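Asker: task: produce atomic coordinates for the following.
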Amino acid sequence: MNERSLPASPNWYCSRCSDVNSNGLLGFGAKNVIYLVDVSASSCKITGELAGHRDLVSGFSFCPHPEQSHICVSTSTDGTVHFWDSSNKTLMREQAAHPNPVSAVHWSPADKNLVVSGDEKGVVVCHWFHTGDTASFFPEPRTIFCLSCSPHSWKSVAVGYKDGMIVLIDVSKKGEVMQRLRGHDNEIHSVAWCPVAGEDAFSSRAEDGDGADGVPTDGETGCFLASGSKDQTVRIWSTAKGKGVMTLKLPFLKRRGSAVDPGVKERIWLNVLWPKGRLTQLISSCFSGELVMWDLASTGKQRWSLFGSSSEGQNHNRIVFNMSSVQLRDGRELLISTSMDRDIKCWDLESLGCCWTLPTLGGHVYALTFSPVGVACLALGVGDNMIRVWNTLSSQNQYDIRSFWQGIKSKVTALAWHPRKEGWLSFGTDDGKVGIYDVFSNKPPQISSSYHRKTVYTLAWGPAVLPMSLGAEGKASYSLYSCSGEGVILQHDPSKLSGAAADIDKLIRNTNSIQHKMSQHTDLSWKPDGKAVAIGNEDGSIDVYQPPHLKLLCSIQQHHKIINTLRWHPDHNAAPELHALLASGSSNAIIFVHDLRSVLENPPEEPAVLTEAYRRLSGHTAKITGMSWSPHHSGRLVTVSYDGTAQVWDVLEEAAISNYRGHTGYLLCVDWSPVDPDGIWTGGRDFTVHEWK
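Answerer: Numbers count the residues shown, from 1 in each chain. Predicted coordinates:
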């Protein structure tokens, strides 16, 4: 059963890739999936996903009519348009109406059966939901960036183009252009119709130099239209006159809140939203993540109010891509925003305060691990070059998560908490970097001066071995060990990361008089009491050594493929006879568990060779990528695999207890909750983390 999860990040640079329906269900496109989130309560809950697109989701819109508000439409860069039933999460219809990537879509607020989509070459398609018919138009040979159907007439559609042109077309007349609205000189990111018909709300003084050609639309009173452009202005247009009546220049706001990675160049993205029933209030995004509410009737100098100004850190700190609003049955009016900072935020339109934030993930989840000291503090290593630290027990906020990006600049592929020092988190990256963060300070991480040539796959804290154990007698000193893709294990001195790290193979060769070429190392695991370390190798062998000289105690010859993961049974609570159990997973699908008690209690003169496993766990169908012993039950293990499932085992019985299949794609990491005996957390290739029981 899925409890909480962190979804993949909403797609960037799409004009409408998220929407919320009248029941408070939010849908947003992330990669090629649409995630569904219930936003109607005081905190959000992810309720499922719509999967079926082969390519990136480029647009998403719910039907705005109450009787079919559960039906939604999505578009993709592969040219397809999908209709879904969000209540049972099924695909109702797929249409390949576009020959080009679709860039915009909207379900008409004026006709429950009309959906309009536009593509990168300028083709506009009308989809009639009840009949399945489509009609294609080609009003302008330009790249469509956004479009919006009028709430007052099903015939009128506003289309915004890459070159700054906006046209109003009549879809009842084969897409005939009724007006061309000229004034912007750069990409149109968003167009929004005024929810109230008529044009006598504020003075219709045309802006100087705003040209327009076209005729007033047939006997209609017209309606205001708002547009947001890369030229840093929001414009209000009279659709009857085909002229601009107001230009709003974005305010330059002094950035507050957290610092931002300066290495990422930001374009501006200017989204506009005209909330239902509000004639003179318009919401727009701003330069770097702020949201502002414009008062169009105001004649004063400052015509805007800032969202999230009541307290620090409420705002997005990167550009906002999408906004959608909803009036819930209890009277609350909410705004949902998605941003380049990978947060989804919910705002109260009365107070303009932030109600909650849902963090999302922009890469594979390579590592997840609970702190042995800070209760229920979960660290995530993600392929979007960031570490997340999640306080999973926070009573105020289910998603109490902080992000760390400084000094990383690469995919985070390995993590390990210090066994004693609260907040000390070591990390490894895919470009060979090893560092240590103090997650409770605001300082950048310490970085080891010794880099690996390839990806860091494993980090482990353990007792210092020679030469670093010299002079360390009497004090509980830990070294940090890193194992990487070139097959080397380095020992780093955490108190002096600027010093050279030591390759432990030198000590292993000296102590054990090894002359031959050793197999490359692929994983390591220290026994919790520090009395032995297991090292997995590329040839499938596992060697167990005794510190501080790393004397070889035994070699396990069981797997025949590369060792991916090793885990010792935890000491606490377990029966003493289980303390020496070592579980191992390789690129074979079988997990072996070895009982090393006799070797550890009576170290042999010559290294023992073990070829028989204590227990053998078979059930996965692809390589094993991670495992975790339960800290609550003796002899219970969870494993994850490239087969996309997580499997819980009763090791002594060699029995599979349960299998979790909530992810799509292969799994990469797993950890058992330190506080919930039934709680397990998994992460994988689908850019998500799941908590399940």
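Asker: how about the strands in the stretch 51-200 of the chain?
Answerer: Here the stretch 51-200 of the chain has its strands, by DSSP state E, counting those that start in this stretch, at 57-62, 71-76, 81-85, 90-95, 102-107, 114-119, 124-128, 134-137, 144-149, 156-161, 166-170, 176-181, 188-193.
Asker: any chance of those strands in a markdown table, plus mean neighbour count?
Answerer: Where C-beta positions appear, they are placed from N, C-alpha and C, glycine not excepted. Supplementary listing: the strands of the stretch 51-200 of the chain in a markdown table, determined by neighbours: other Cβ atoms under 10 Å:
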| stretch | mean neighbour count |
| --- | --- |
| strand 57-62 | 26 |
| strand 71-76 | 26 |
| strand 81-85 | 20 |
| strand 90-95 | 14 |
| strand 102-107 | 26 |
| strand 114-119 | 26 |
| strand 124-128 | 21 |
| strand 134-137 | 16 |
| strand 144-149 | 27 |
| strand 156-161 | 26 |
| strand 166-170 | 23 |
| strand 176-181 | 20 |
| strand 188-193 | 26 |
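Asker: mind checking which of the ones you listed is nearest Gly499?
Answerer: strand 57-62 (48.8 Å; Cβ to Cβ).
Asker: quick check, Phe321 in contact with Trp12.
Answerer: Yes - using Cβ atoms under 8 Å, Phe321 is in contact with Trp12, at 5.9 Å.
Asker: list the contacts for Ala414?
Answerer: Applying Cβ atoms under 8 Å, 6 or more residues apart in numbering to Ala414 gives the contacts Tyr366, Ala367, Gly381, Phe427, Gly428, Val456, Tyr457, Thr458, Leu459, Ser482.
Asker: who is the nearest residue to Cys355 once chain neighbours are set aside paired with across the strands?
Answerer: Distance criterion Cβ to Cβ, 6 or more residues apart in numbering; nearest residue to Cys355, sequence neighbours excluded, is Cys346 at 4.4 Å. Beta bridges link Cys346 to Ile336, Trp356, judged by DSSP bridges.
Asker: separation between Cys346 and Leu26?
Answerer: 9 Å (Cβ to Cβ, to the nearest Å).
Asker: what sits in contact with each of those two?
Answerer: By Cβ under 8 Å, 6+ apart, the residues touching both Cys346 and Leu26 are Val39, Cys44, Ile336.
Asker: could I have the PyMOL command that selects the buried members from those?
Answerer: Isolation of the buried members of the shared contacts of Cys346 and Leu26 (16 or more other Cβ atoms under 10 Å) is achieved in PyMOL through the command below:
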select buried, resi 39+44+336
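Asker: and of the shared contacts of Cys346 and Leu26, the nearest to Ala97?
Answerer: Ile336 (28.1 Å).
Asker: now do that closest one against Leu26, distance only.
Answerer: To Leu26, Ile336 is 6 Å away according to Cβ to Cβ.
Asker: list the contacts of stretch 568-576.
Answerer: With Cβ under 8 Å, 6+ apart, stretch 568-576 has contacts from 525-529, 534, 578-583, 629, 631-632, 634-635.
Asker: same thing but 7 Å
Answerer: If you take Cβ atoms under 7 Å, 6 or more residues apart in numbering as the criterion, stretch 568-576 is touched by Ser525, Lys527, Pro528, Asp529, Leu578, His579, Leu581, Leu582, Trp629, Pro631, Ser634.
Asker: check stretch 296-311 too.
Answerer: With Cβ under 7 Å, 6+ apart, stretch 296-311 has contacts from 202, 236, 246, 251, 253, 280, 282, 290-295, 314-315, 347, 352-354.
Asker: what about the residues you listed, which are in strands?
Answerer: In strands, defined here by DSSP state E, the members of those are Ile236, Met246, Leu282, Leu291, Val292, Met293, Trp294, Asp295, Trp347, Cys354.
Asker: farthest-apart pair in the residues you listed, please.
Answerer: Going by Cβ to Cβ, the pair spanning the ones in strands among the contacts of stretch 296-311 furthest: Met246 and Cys354, at 28.3 Å.
Asker: got the contacts of Ala414 as TSV, with secondary structure, pLDDT and neighbour count columns?
Answerer: Output for those, formatted as TSV (DSSP: H, G, I helix; E, B strand; the rest coil; pLDDT from 0 to 100; neighbours: other Cβ atoms under 10 Å):
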residue	secondary structure	pLDDT	neighbour count
Tyr366	strand	99	27
Ala367	strand	99	26
Gly381	strand	99	30
Phe427	strand	99	27
Gly428	strand	99	30
Val456	strand	99	30
Tyr457	strand	99	22
Thr458	strand	99	25
Leu459	strand	99	26
Ser482	strand	99	28
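Asker: which two in the residues you listed are spaced the farthest apart?
Answerer: Greatest spacing in these, by Cβ to Cβ: Tyr366 and Ser482 (14.2 Å).
Asker: in the protein, which helix or strand is least confident?
Answerer: strand 212-214 (a mean of 41; mean pLDDT, DSSP states H and E).
Asker: next secondary structure after it?
Answerer: Moving toward the C-terminus from strand 212-214, the next helix or strand (DSSP states H and E) is strand 224-229.
Asker: what does that next one contact?
Answerer: 158, 160, 164, 166, 184, 186-194, 199, 234-239, 270-272, 274, 282, 284.
Asker: same question, stretch 640-649
Answerer: By Cβ under 7 Å, 6+ apart, stretch 640-649 touches 589, 617, 619-626, 636-639, 655-661, 663-667, 669-670, 680, 682.
Asker: mind naming the longest helix for this protein?
Answerer: helix 505-512 (DSSP state H).
Asker: secondary structure class for Leu600?
Answerer: Taking DSSP: H, G, I helix; E, B strand; the rest coil as the rule, one finds Leu600 in the helix state.
Asker: ok, for it, nearest residue in space, not its chain neighbours?
Answerer: Leu600 sits nearest to Ala580 (Cβ to Cβ, 6+ apart), 5.4 Å away.
Asker: separation between the one you found and Leu617?
Answerer: Taken as Cβ to Cβ, the span from Ala580 to Leu617 is 18 Å.
Asker: now do the SS call for Lys531.
Answerer: coil.
Asker: contact partners for it?
Answerer: Leu600.
Asker: and if we set it to 10 Å?
Answerer: Pro463, Gln546, Pro547, His579, Ala580, Leu600 (Cβ atoms under 10 Å, 6 or more residues apart in numbering).
Asker: gap between it and His579?
Answerer: 10 Å.
Asker: list residues touching both of those two?
Answerer: Contacts common to Lys531 and His579, judged by Cβ under 10 Å, 6+ apart, are Leu600.
Asker: which residue ranges form the strands in the stretch 551-693 of the chain?
Answerer: 551-557, 563-568, 581-586, 591-595, 608-610, 615-617, 624-629, 636-641, 646-650, 655-660, 667-672, 680-684, 689-692.
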